[in-house]
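J.: Sharing a model that was predicted from the sequence below.
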Amino acid sequence: MFHYRNFVRPTGQTLALLLLPGLALLPGGAHAALDLDGAILIALDNDPASAASRASARAYSESAIAEGQLPDPMLKTALVNVPVDDFDIDSEPMTQLQLGVEQAFPRGDTLHYRQRRAESLASVEEANAASITLQTVRDVRRYFLELYYQVRAAAIVAETRKLFTQLVDITQAQYGSGRVNQQDVLHASLELARLDDRATRIATAADENRAALAKWLDTAADLPLAERFPELPALPAKAQLESALLEHPVLQAETARVNAMQQGTRIAREQFKPGWSAGIDYRKRFGENPDGSNRSDMMAAMLNVELPLFTGNRQDRRLAASIAETEAAELRRDEKLRELRRMLATDYADWQRLGERAALYEAKLLREARANADASLHAYQSGVTEFTTLMRARITELDVRLDELRIHVDRARSQANLLYLAGEDL
């Protein structure tokens, strides 16, 4: 079984080589056949949704570094106290050219919590990327299994049609010799037409599933499928599946989102603390003193402090909003966990019961349906039974064979769902 651990997106030159394990040769070696592992490998290489989430995670990681930095210092320059009667900068002793730098310091630990919030949002996107990868593998498995059913069902129907065609020929010959009535001929033709209609419906479903797979596989979806039944990794015990839900990427994304909201609440609390800024100015003076000496230049140092005195309609409201957003995120996480547990209970029950049905079909129903069809044919050839009984037996055998295939495919689909819930290491 191919493992997807540490999957690396292959380049166009290496993709063909990587696909070789998933492509088998059909009898005669004329064409390549696609198996499930090959389909998954192609899908993972053509999954822009997970790539987009990983790009978003990188963006948040870069933003987190920026969020933790102080604001850029401010350069200030001004020409102050210029007389407006003659605009002579040398005439008045208070005329100054000021040049200074000011640095602002956000309130409390705002920068620290902003950085942690961006880091949490990066974790959200990383978990989303892992979740999308799991969903892609699950969906490809489900569509591939469904397509496999349609392909194998078409082969079974085609095999049965050959037999029905022979029965129609035999019935027409016997009708010509007067051994059967016209109703038997019409019944045989009707069943053959109904079989053709079933084949058409199967072909339509196969086309729809190939179209669905083309979302990830592109033209590879048109390849013939390998004949062997698709193999999936073994399932862990139910207790392990239940414990794995807590580490599922869907839940990890919700947990990271809760953490981001909690950082937002902490940021809101920090806004009750004063922010401040500090600066220093150099002040150039022009002209001369009455004694002819140059006027002295000056310096100034400043400290500005914000006073959060009226918080009712600003800080209080923002804190209340942040608390409500955090509570909503926690509730969404709880809902996600409940939904994952519901899915696990449903799919595990389906997987178990379908296993019981598969064992029943293999042990009894397939053999008995085949034996009943053979016995009906012999009885009809001997003139013991009617043609209607023979056709009913053959149709029953066909239905049992298709049901047995349907059960195996449905059980594998349930297993694919459970593997998704297990968060298999891809």
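T.: Sure thing, it's come through.
J.: For this structure, which helix extends over the most residues?
T.: Assignment by DSSP state H gives helix 110-176 as the longest helix of the chain.
J.: Next, the angle from the helix or strand just after it to helix 110-176.
T.: Using DSSP states H and E, the helix or strand that follows helix 110-176 in sequence is helix 182-217. Per axes from the mean of the first three to the mean of the last three C-alpha atoms, to 10 degrees, the angle that helix 182-217 makes with helix 110-176 is 160 degrees.
J.: Now for the protein, the helix or strand with the poorest mean pLDDT.
T.: Using mean pLDDT, DSSP states H and E, helix 12-19 stands out as the lowest-scoring helix or strand of the chain, at a mean of 40.
J.: got a list of contacts for stretch 121-131?
T.: 50-51, 53-54, 56-61, 64, 248-250, 252-253, 256-257, 259-260, 423 (C-beta atoms under 8 Å, 6 or more residues apart in numbering). No exception for glycine: its C-beta is placed from N, CA and C like everyone else's.
J.: meant to ask about stretch 405-417
T.: For stretch 405-417, contacts defined as C-beta under 8 Å, 6+ apart pick out 138, 141-142, 145-146, 148-149, 152-153, 156, 229-230, 232, 235, 343, 347-348, 350-351, 354-355, 357-358, 361.
J.: Need the nearest residue in space to the residue sitting nearest the centre point of the chain, chain neighbours excluded.
T.: In the chain, the residue lying closest to the centroid (C-alpha atoms, centre = their mean) is residue 132, at 2.2 Å. Distances taken as C-beta to C-beta, 6 or more residues apart in numbering place residue 50 nearest to residue 132, at 4.2 Å, with adjacent residues excluded.
J.: close enough to count as contact, the one you found and residue 133?
T.: Yes. With contact defined as C-beta atoms under 8 Å, residue 50 counts as touching residue 133 (5.0 Å).
J.: Show me what the mean pLDDT comes to for the helix or strand encompassing residue 331.
T.: Applying DSSP H and E as the criterion places residue 331 in helix 315-360. Here helix 315-360 scores 96 as its mean pLDDT.
J.: Can you name the element that comes right after it?
T.: Proceeding N to C from helix 315-360, the next assigned helix or strand is helix 366-381, under DSSP H and E.
J.: and the next helix-or-strand element following that following helix, how far out from the chain's middle?
T.: Per DSSP H and E, the first helix or strand lying C-terminal to helix 366-381 is helix 387-422. Offset of helix 387-422 from its chain centre (C-alpha atoms, centre = their mean, to the nearest Å): 29 Å.
J.: Can you classify residue 302 as helix, strand or coil?
T.: Three-state assignment for residue 302 (DSSP: H, G, I helix; E, B strand; the rest coil): strand.
J.: any residues touching the one helix or strand residue 239 maps to, and which ones?
T.: In this assignment (DSSP H and E), residue 239 forms part of helix 238-244. For helix 238-244, the surrounding residues in contact (C-beta under 8 Å, 6+ apart) are 235, 236, 341, 344, 348, 418, 421, 422, 423.
J.: tell me which of the residues you listed is nearest to residue 92?
T.: The closest of the contacts of helix 238-244 to residue 92 turns out to be residue 423 (C-beta to C-beta; 76.4 Å).
J.: if I look at that closest one, how far off is residue 255?
T.: Distance, residue 423 to residue 255, by C-beta to C-beta, to the nearest Å: 14 Å.
J.: what residue of the protein is the furthest out?
T.: residue 291 (83.3 Å).
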